[in-house]
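Colleague: With the sequence up front, the predicted model follows.
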Amino acid sequence: MVGREKEVKELNRLYQRNRAELVAIYGRRRVGKTFLVDETFSNRMTFRHAGLSPADQQPNGLLGAQLEHFYRSLKEQGMKNPEKPSSWMDAFYQLECFLKQKDDGSRQLVFLDEMPWMDTPRSGFIQAFEGFWNNWACHRKNIMVIVCGSANSWIQDHLINNHGGLYNRVTYEIKLSPLSLRECEQLLEENGVHFSRYDIAQSYMIFGGIPFYLGYMDGELSLAQNVDQLFFSGSARLANEFVRLFDSIFDDSETVRNVIRLLYTRNAGFTRKEIIEKLHLSNGSGISRILHALTAGDFVIKYVPFGMSKRDVHYKLTDPFCLFWLHFVAENPGLAEDYWQQRVTSQPVVTWRGYAFENLCFNHVPQIKRALGVSGVITTVSAWSKRRDDQEGIQIDLLLFRNDNVVNMCELKFYGDDFTVDLNYYKKIHRRQEMLLEEISPKQAVYSTLITTYGLKQNEYAGAFLKVITLDDLFEKP
């Protein structure tokens, strides 16, 4: 297994403890949660069960199908004479009986995968699980229960932040995030795919460090050929993935996709109020749950643009897969099967790479801080745009406000060669720096910083940047 060293170490540590453990693992769909548990605890599970997707039609109704499926899991994993449960209370009682049958004093590991799917409407699932844990499991020192799900807001609201009977019952939580550039490189190499770092960065801009997608990459094909095969060929595996992503997590998936589509239209993102107004939504808990879930799932980030108040929180779409799919796949059905190979050097693709690289950098701020030598300094991430009536406006892609009174004003450039600063660009950088200095505290200094692929060509204008960070820096550990 590539990466996840910290998570594996923590899970094994919890397994070795002589106490009851309730561990919640959550993260974006396809990020590798189930794989993490399977690989860490291979041959050590006492019982495992995965909920049925609510997106699939069930002839006996969702609750009946979930209970029948749970009964089959008990039977297949060795329970003697199980009874078919008529409710989740019955189902968890059956699980207690099964664990008692198997108990020889050693550690017992229960893995409940896709737990949010089991909580169908009016099923009483949470109350039943609460009874199972509070009345029985938590009192047994050899029990470890791992619950998992892609509906991150459900995990957080019903388990981690539960204010009822499960309040403060989760003993450990793990949010599993997409792989970093370094981990993507390791995974691809392990799968026999040998790309340059330039192409690995582009693959990240498309697939977003999601192991499930990277696993489709064919080492005998170029990156462009792989993209065509996965998105534009007649049997493209990921052509409908955008729809499947949200259908499997949200009841009102169409509203969620509309929010994503809206956020896609503005690189800086939108405020909650703007989202409600533009999509004609009600100002209630529904939109709050959606934004919370998208943020928890690493699809969206929350940030306050520089110069605005904390009430002006913006939601910015940063999931590379969604951004790529909306840009090139959504509005272009029936494209040629070699679409990407034909256009890999076209201006629209070059322009897209620029925006995609910005999101790559937003997702690798720890690596940027390490390259700057300020990993331990508290830092706020933002962006800034401003227009003056008397001159051209400015836009700063990435601002790092550091607690050591330094602001890194970052320019992000994805180039196929060393970046060159000419006289006009030199003047533009200085104008931006001057305007930023007018807005910040006098005790703060502004350091112009270039983040680019290969480096900066040395000429008389290279001094525009005090620090240059390259792609190799972004491939380092944070």
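Modeller: Nice, thanks for sending it over. Please read these numbers as outputs of a predicted model, since none were measured by experiment.

Colleague: Nearest residue to residue 242 in space, please, no chain neighbours.
Modeller: Nearest residue to residue 242 in three dimensions, chain neighbours excluded: residue 325, at 4.6 Å (C-beta to C-beta, 6 or more residues apart in numbering). (Glycine included, C-beta is placed from N, CA and C.)

Colleague: where does that neighbour land on pLDDT?
Modeller: Confidence at residue 325, expressed as pLDDT, is 93.

Colleague: count of residues packed around it?
Modeller: Residue 325: 22 surrounding residues under other C-beta atoms under 10 Å.

Colleague: With residue 376 instead?
Modeller: So residue 376, with other C-beta under 10 Å, has 9 neighbours.

Colleague: Report pLDDT for it.
Modeller: 93.

Colleague: That one and residue 476, how far apart?
Modeller: Going from residue 376 to residue 476 by C-beta to C-beta, to the nearest Å gives 16 Å.

Colleague: same question, residue 314
Modeller: 29 Å.

Colleague: Show me which of these two is the more surrounded one.
Modeller: Remark: of residue 314 and residue 476, residue 314 carries more neighbours, 22 against 14, as counted by other C-beta under 10 Å.

Colleague: Test my guess that the more buried one contacts residue 304.
Modeller: Yes: contact criterion C-beta atoms under 8 Å: residue 314 and residue 304 qualify, at 6.9 Å.

Colleague: Is there a neighbour count for residue 351? I'd like the number.
Modeller: Count around residue 351 with other C-beta under 10 Å applied: 11.

Colleague: again with residue 462
Modeller: Neighbours of residue 462 (other C-beta under 10 Å): 16.

Colleague: any idea how far residue 309 is from it?
Modeller: 37 Å.

Colleague: same thing with residue 285?
Modeller: Residue 285 is 23 Å from residue 309, by C-beta to C-beta.

Colleague: for residue 94, same thing?
Modeller: On the measure of C-beta to C-beta, residue 94 and residue 309 end up 54 Å apart.

Colleague: which of the two has more neighbours?
Modeller: Shown here are residue 94 and residue 309; by other C-beta under 10 Å, residue 94 has more neighbours (20 against 7).

Colleague: looking at this, the more buried one is in a strand?
Modeller: No: assessed with DSSP: H, G, I helix; E, B strand; the rest coil, residue 94 is helix; it does not lie in a strand.

Colleague: how about residue 144, phi and psi?
Modeller: Backbone torsions of residue 144, given as degrees, to the nearest 10, read phi -130, psi 120.

Colleague: what about it, how many neighbours?
Modeller: 28.

Colleague: who touches the closest residue to it other than its chain neighbours in this structure?
Modeller: Of all residues not flanking residue 144 in the chain, residue 21 sits nearest, at 4.4 Å (C-beta to C-beta, 6+ apart). Counting by C-beta atoms under 8 Å, 6 or more residues apart in numbering, residue 21 touches 14, 15, 143, 144, 145, 171, 172.

Colleague: which element is residue 206 on?
Modeller: Assigned by DSSP states H and E, residue 206 belongs to helix 197-207.

Colleague: Could you export that helix as PDB, keeping only the C-alpha atoms?
Modeller: Once non-C-alpha atoms are left out, helix 197-207 reads as follows in PDB (Å, rounded to 0.1, in the frame of the first residue of the first chain):
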ATOM      1  CA  ARG A 197       6.900  14.600 -13.000                       C
ATOM      2  CA  TYR A 198       5.500  17.100 -15.500                       C
ATOM      3  CA  ASP A 199       3.000  14.400 -16.600                       C
ATOM      4  CA  ILE A 200       2.300  13.200 -13.100                       C
ATOM      5  CA  ALA A 201       1.400  16.800 -12.100                       C
ATOM      6  CA  GLN A 202      -1.000  16.900 -15.100                       C
ATOM      7  CA  SER A 203      -2.500  13.500 -14.100                       C
ATOM      8  CA  TYR A 204      -3.000  15.100 -10.600                       C
ATOM      9  CA  MET A 205      -4.800  18.000 -12.300                       C
ATOM     10  CA  ILE A 206      -7.200  15.500 -13.900                       C
ATOM     11  CA  PHE A 207      -7.600  12.700 -11.300                       C
END
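
Colleague: Could you list the residues in contact with it?
Modeller: 181, 184-185, 188, 195, 213-214, 217, 222-223, 226-227, 320-321, 324, 353, 356-357, 359-360, 414, 416, 453, 471-472, 474-475.

Colleague: do the same with stretch 76-91
Modeller: 47-48, 67-68, 70-71, 74-75, 93-94, 97-98, 101-102, 118, 123-125, 127-129, 131.

Colleague: That one: how far from the chain's middle?
Modeller: 35 Å (C-alpha atoms, centre = their mean, to the nearest Å).

Colleague: Backbone torsions only: list them for residue 344.
Modeller: Per degrees, to the nearest 10, the backbone of residue 344 is at phi -60, psi -20.

Colleague: Tell me which residues touch it, please.
Modeller: Contacts of residue 344 (C-beta under 8 Å, 6+ apart): residue 224.

Colleague: Ok, residue 69 next?
Modeller: 49, 51, 52.

Colleague: Isn't the last one up against residue 116?
Modeller: No: the criterion here is C-beta under 8 Å, and residue 52 misses it with residue 116 at 11.5 Å.

Colleague: how about low-confidence regions in the stretch 101-250 of the chain?
Modeller: In the predicted model, the stretch 101-250 of the chain carries no residue with pLDDT under 70.

Colleague: Just the strands from it, written as ranges.
Modeller: 108-113, 143-149, 172-175 (DSSP state E, counting those that start in this stretch).
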